[in-house]
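# Need the 3D shape of this:
(chains A, B, C and D)
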Protein chains: 2
Amino acid sequence: MTDQTSQASDDLAPDSRAPEAQANGFATVREARRNELAEDYVELIADLIHQYGEARPVDIAERFGVRAPTVTKTLNRLAREGLITREKYRSVFLTEAGRTLAQECRRRHEIVLRFLIRLGLDPETAERDAEGIEHHVSEQTLALFESYANRP
Amino acid sequence: MTDQTSQASDDLAPDSRAPEAQANGFATVREARRNELAEDYVELIADLIHQYGEARPVDIAERFGVRAPTVTKTLNRLAREGLITREKYRSVFLTEAGRTLAQECRRRHEIVLRFLIRLGLDPETAERDAEGIEHHVSEQTLALFESYANRP
DNA sequence: CCCGATTCTTAGCTAAGGCTAACTTATACA
DNA sequence: TGTATAAGTTAGCCTTAGCTAAGAATCGGG
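Purely as a prediction, here's the structure:
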């Protein structure tokens, strides 16, 4: 197995970072992936409380398009992680940590969404893509998105 | 529980789509999340073959920063799904489907990366963010990214 | 006030994606 | 050519995130 990188005129320039750097990158992505669902949940819970005054599992299930037991299980995890508080058979509340996280998520979501729309995307597609993208943008990227969206 | 949306002057405009539309959005995101790892693998395998002439599990493990048995297991899944072929204790090859997917991924990756760099991001952060973002951009967004990156 | 409908939880299944420990195969070099 | 080392696999564990089926709690209208 010989390294063709050093001598190659690589037409497509595949990822040229050292394996370790690349591994760190994937570690970041894996970490982000692990938090995505929690972030989606707190964001939605904040929205529901804002809209309806409370966040009920049944509404969470409907909005996410999953079944009730899935929601129960995930809410238990979020409670374990200190993002929400709850009592059996009652609706859900955010802890201070949960509220903070929700605000961060909302902020990122807004910036990504406004950016995509400003770029020329239709609002529906923008909303869909923002949902996926928001968990994977660094602060640096976010800053660039924001200034693009705010530009005259 | 009363709907405050209709009468509300919502300062932050939380997601105002109908629950069903929102559920479809999340279904899209969940679907994307399910394919992310497979896409990362075929993309890396293609890179390794391009760089070294073959893709060995040990190198895949190093680049992803995971252990060998994890790679074995995932490769088995990819083989089951028809994206790669392999024989025990040998390196990995892409099927036609795998090669096609790898090309798609590479294309998306390139466009997102060039876009982020063009936007002003430093190359390392751009690479990291691209890894996360590339799985969540629609064709429409990709087209906009591309024309932004290609603009004079 | 109570009974049916709704909501929520529990139990138990699947599959993915991590891990370690232990085993097998391949490789390379003395 | 034999054998130590490197590479790959297997077995078995954990967690997460889905699901269905079935049971428990809550709520509202008579």
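
# Can you pull the poorly scored residue ranges out of chain A?
Applying pLDDT under 70 to chain A picks out residues A:1-14.

# count of residues packed around the residue in it that DNA strand C sits nearest to?
At 2.8 Å from DNA strand C, A:Val58 is the closest residue in chain A, using CB to the nearest atom of the strand. Just so you know, the C-beta spots here come from the backbone N, C-alpha and C atoms, and that holds for glycine as well. Other residues near A:Val58 come to 10 when the count uses other CB atoms under 10 Å in any protein chain shown.

# Enumerate every residue touching it.
Residues near A:Val58 by CB atoms under 8 Å, 6 or more residues apart in numbering or on different chains: A:Ala68.

# Tell me the helix or strand right after the longest helix along chain A.
Scanning chain A for the longest helix, with DSSP state H as the assignment, gives helix A:19-52. Moving toward the C-terminus from helix A:19-52, the next helix or strand (DSSP states H and E) is helix A:57-64.

# any idea of the angle whichever helix or strand comes after that next one forms with helix A:57-64?
Remark: after helix A:57-64, the chain's next helix or strand is helix A:68-80, criterion DSSP H and E. Using axes from the mean of the first three to the mean of the last three CA atoms, to 10 degrees, the direction of helix A:68-80 lies 110 degrees away from that of helix A:57-64.

# is whichever helix or strand comes after helix A:68-80 up against DNA strand C anywhere?
The helix or strand immediately downstream of helix A:68-80 is strand A:84-85, counting by DSSP H and E. No. Using CB under 7 Å from any atom of the strand, strand A:84-85 stays clear of DNA strand C, with a minimum separation of 11.0 Å.

# sorry, back to before: how about the longest helix of chain A: buried residues?
Neighbour counts over helix A:19-52 (16 or more other CB atoms under 10 Å in any protein chain shown) mark A:22-23, A:25-26, A:28-30, A:32-33, A:36-52 as buried.

# For A:Ile60, the count of nearby residues, please.
23.

# Pull the contacting residues for it.
Shown in contact with A:Ile60 (CB under 8 Å, 6+ apart): A:Tyr41, A:Leu44, A:Ile45, A:Leu48, A:Val71, A:Leu75, A:Val92.

# Is it correct that the first one is in contact with A:Thr74?
Yes. Applying CB atoms under 8 Å as the test, A:Tyr41 and A:Thr74 come out as touching, 6.3 Å apart.

# Straight-line length of stretch A:130-150, end to end?
Distance across stretch A:130-150, first residue to last, is 17 Å (CA to CA, to the nearest Å).

# can you list contacts of that stretch?
A:29, A:32-33, A:35-36, A:39-40, A:105, A:108-109, A:111-119, B:25-26, B:28-29, B:32, B:116, B:119-122, B:125, B:128-129, B:131-133, B:135-137.

# Can you pull up the most central residue in chain A?
When chain A is reduced to its mean C-alpha position, the nearest residue by CA atoms, centre = their mean turns out to be A:His135, at 3.0 Å.

# Enumerate the residues of chain A near DNA strand C.
Residues of chain A that fall close to DNA strand C, judged by CB under 7 Å from any atom of the strand: A:30, A:56-59, A:61, A:68-69, A:71-73, A:75-76, A:86, A:88-89, A:91.

# Just the buried ones from those residues?
Neighbour-count burial within those applies to A:Arg30, A:Arg56, A:Pro57, A:Asp59, A:Ala61, A:Val71, A:Leu75, A:Arg86, A:Ser91; the criterion is 16+ other CB under 10 Å.

# Tell me how far the second one lies from A:Gly120.
A:Arg56 sits at a distance of 37 Å from A:Gly120 (criterion: CB to CB, to the nearest Å).

# swap in A:Lys73?
Note on A:Lys73: its distance to A:Gly120, by CB to CB, is 40 Å.

# how close does A:Arg106 sit to A:Glu62?
20 Å.

# More neighbours: those two, which one.
For the pair A:Arg106 and A:Glu62, the greater number of neighbours falls to A:Arg106 (19 against 16), based on other CB under 10 Å.

# Over to that one: give its phi and psi.
With angles defined as degrees, to the nearest 10, A:Arg106 sits at phi -60, psi -40.

# How about the contacts made by the closest residue to it other than its chain neighbours?
Excluding the flanking residues, the one nearest A:Arg106 by CB to CB, 6 or more residues apart in numbering or on different chains is A:Glu43, at 6.1 Å. Going by CB under 8 Å, 6+ apart, A:Glu43 touches A:Ala102, A:Cys105, A:Arg106, A:His109.
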